[in-house]
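**Q** Provided below are the primary sequence and the corresponding predicted coordinates.
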Amino acid sequence: MRAKIAEKFKTLFGEDGDFFASAGRINLIGEHTDYNGGFVFPGAVDKGIMAEIRPNGTEKVCVYSIDMDEYVEFGLKEEDAPAQSWARYVFGVCRETIKRGGNISGFNAVFAGDVPLGAGMSSSAALESTFAFALNYLFDLKIDKFELARIGQSTEHNYCGVKCGIMDQFASVFGKAGNLIRLDCKTMEYKYYPFHPDGYRLVLVDSAVKHELASSAYNKRRESCERAAAAIRRNHPEVEFLRDARMEWLEEVKADITEEDYMRAEYVIDEVQRVLDVCDALERDDYETVGEKMYETHYGMSKLYEVSCEELDFLNDLARECGVTGSRVMGGGFGGCTINLVRNELYDKFIDRAKSSFTEKFGHSPKIYDVVISDGARKLQ
Ligand code: GLA
């Protein structure tokens, strides 16, 4: 990938730049908890975005995407937003950096990636954090890592229409090889957990399903949670986010909120606790409990939060039938992949079965990605 980028950069701009990279992410557990002030448990992966970048001394950004085979130029003012959705991520990062006082000017860039799109592994966060990290370095802005993650998140909010939480950008910036990170999304306290599950493997099974309305459905989930939290807050003013609420308190307002909002909140309150339970289980190397919690998350995401789909439910059922330790839909949902905690000796059988049964039912083969937990945003030598 690096050689391809370098060649293109030379052809387009006649010089060399610096190389930067960042990663997609997995999440062991803690889904849709981030924007509810709860816990998440992600890690960066060995698939990501790589970019070659060099300031060009003008007010213009010239950027080429190898994967889209498209070249775009834009200025740095709010009215200069490009039409191409991939370029809006880069533009958004520039704008959010400027809004934070970052004194940047134009640059040339070529980038490529290998995070599967729409698989729930956050290719967009990888793109945002690559550019946020690079601009910070190249223009010597001294923005701290939390703020780099927030630049990516605000890019999603303000330029891409997704009211996401902080998990993806955080994992992409803070990722560390061999470690998962437990993040408290309310206080932003985090802790690295070395993750080497002896005797087990983590594998993603990608349904290759993408749902068109995923971002509006995502935003609706968030609104449901905010309404439920607001209702609870009337009785319990200390409840800033659903994360602060207890199930009994949700019960108290059951009659005041819609059934749908109730179900969403019920899922979130349980899910926040599940992250903590999984952390405890990991301290004891108790992977059976980790796996059980993953199945519980899948059930909640499918039946209460309603962000699964037929293909993902099928993969989850199949995992259970095969005796896989833990399995669930990963990321925002509405398509993408399941994350599976599989005993080594079961791995081949499960993968064969997942491929053949899924293909038979849905007419296309799922893709398989072995999880390698890797470093996040960085400058390459
Ligand atoms: C998407 C969002 C994250 C998070 C997950 C669900 O990946 O970008 O902020 O909400 O969905 O856990």
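**A** Thanks, I have the structure now.

**Q** where does the stretch 201-350 of the chain come near the ligand, residue by residue?
**A** When proximity is defined as CB under 6 Å from any ligand atom, the stretch 201-350 of the chain approaches the ligand at 331-332. Quick note: C-beta positions are derived from backbone N, CA and C, even for glycine.

**Q** ranges for the helices of the stretch 1-150 of the chain?
**A** For the stretch 1-150 of the chain, helices defined by DSSP state H, counting those that start in this stretch occupy the ranges 2-13, 85-99, 123-138, 145-159.

**Q** In JSON lines, list these along with distance to the ligand and mean neighbour count.
**A** Listed next are the helices of the stretch 1-150 of the chain as JSON lines, based on distance: least, CB to the nearest ligand atom, whole Å; neighbours: other CB atoms under 10 Å:
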{"stretch": "helix 2-13", "distance to the ligand": "26", "mean neighbour count": "15"}
{"stretch": "helix 85-99", "distance to the ligand": "13", "mean neighbour count": "22"}
{"stretch": "helix 123-138", "distance to the ligand": "7", "mean neighbour count": "28"}
{"stretch": "helix 145-159", "distance to the ligand": "7", "mean neighbour count": "22"}
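
**Q** want to try CSV for these, with distance to N27 and mean pLDDT as columns?
**A** Listed next are those as CSV, based on distance: least, CB to CB, whole Å; pLDDT from 0 to 100:
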stretch, distance to N27, mean pLDDT
helix 2-13, 28, 98
helix 85-99, 20, 97
helix 123-138, 12, 98
helix 145-159, 15, 98
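
**Q** out of those helices, which comes closest to A51?
**A** Nearest to A51, of all the helices of the stretch 1-150 of the chain, is helix 123-138, at 5.2 Å by CB to CB.

**Q** and the most centrally placed residue in the chain, which of the three is it?
**A** In the chain, the residue lying closest to the centroid (CA atoms, centre = their mean) is D168, at 3.5 Å. Here D168 is helix, with the state taken from DSSP: H, G, I helix; E, B strand; the rest coil.

**Q** okay, the helices of the stretch 1-150 of the chain in a markdown table with distance to G363 next?
**A** Output for the helices of the stretch 1-150 of the chain, formatted as a markdown table (distance: least, CB to CB, whole Å):
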| stretch | distance to G363 |
| --- | --- |
| helix 2-13 | 33 |
| helix 85-99 | 28 |
| helix 123-138 | 25 |
| helix 145-159 | 33 |
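
**Q** nearest to A255, of these?
**A** Here helix 145-159 is closest among those (CB to CB), at 32.8 Å.

**Q** Who are the packing partners of the closest one?
**A** With contacts defined as 3 or more CB pairs under 8 Å, 6 or more residues apart in numbering; DSSP states H and E, the packing partners of helix 145-159 are helix 85-99, helix 123-138, helix 167-174.

**Q** which regions of the stretch 151-300 of the chain lie under the pLDDT threshold?
**A** Across the stretch 151-300 of the chain, the ranges flagged by pLDDT under 70 are 212-213.

**Q** which residues in it form strands?
**A** With strands called from DSSP state E, counting those that start in this stretch, the stretch 151-300 of the chain shows them at 179-184, 190-194, 200-206.

**Q** what helices or strands is the strand ranked longest in the chain leaning on?
**A** Taking DSSP state E as the criterion, the chain has its longest strand at strand 42-55. Judged by 3+ CB pairs under 8 Å, 6+ apart, strand 42-55 is in contact with helix 2-13, strand 18-27, strand 107-113, helix 123-138, helix 167-174, strand 179-184.

**Q** how about these, which one is nearest R264?
**A** Per CB to CB, nearest to R264 of the helices and strands packed on strand 42-55: helix 167-174, 17.5 Å.

**Q** what's that closest one packed up against?
**A** In this structure, helix 167-174 makes packing contacts with strand 18-27, strand 42-55, helix 123-138, helix 145-159, strand 179-184, judged by 3+ CB pairs under 8 Å, 6+ apart.

**Q** okay, those in a markdown table with distance to E251 next?
**A** Listed next are those as a markdown table, based on distance: least, CB to CB, whole Å:
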| stretch | distance to E251 |
| --- | --- |
| strand 18-27 | 28 |
| strand 42-55 | 31 |
| helix 123-138 | 35 |
| helix 145-159 | 32 |
| strand 179-184 | 25 |
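
**Q** looking at these, which is closest to K8?
**A** So among the helices and strands packed on helix 167-174, strand 42-55 is nearest, using CB to CB, at 8.3 Å.

**Q** avg pLDDT for that closest one?
**A** Mean pLDDT, strand 42-55: 98.

**Q** Report the contact partners of the closest residue to the ligand within the stretch 1-150 of the chain.
**A** Proximity of the stretch 1-150 of the chain to the ligand (CB to the nearest ligand atom) peaks at E31, 3.8 Å away. Residues near E31 by CB atoms under 8 Å, 6 or more residues apart in numbering: 40, 271, 297, 301, 328-333.

**Q** nearest to F146, of the helices and strands packed on helix 145-159?
**A** Comparing the helices and strands packed on helix 145-159 by CB to CB, helix 167-174 comes nearest, at 8.0 Å.

**Q** buried sites along the closest one?
**A** Residues of helix 167-174 classed as buried: 167-174 (neighbour count, 16 or more other CB atoms under 10 Å).

**Q** Does that helix reach the ligand?
**A** Yes: using CB under 6 Å from any ligand atom, we find that helix 167-174 touches the ligand at 167-168.

**Q** sorry, back to before: please name the residues that touch the residue nearest to the centre of the chain.
**A** Listed by CB under 8 Å, 6+ apart, the contact set of D168 reads 25, 42, 122, 124-125, 152.
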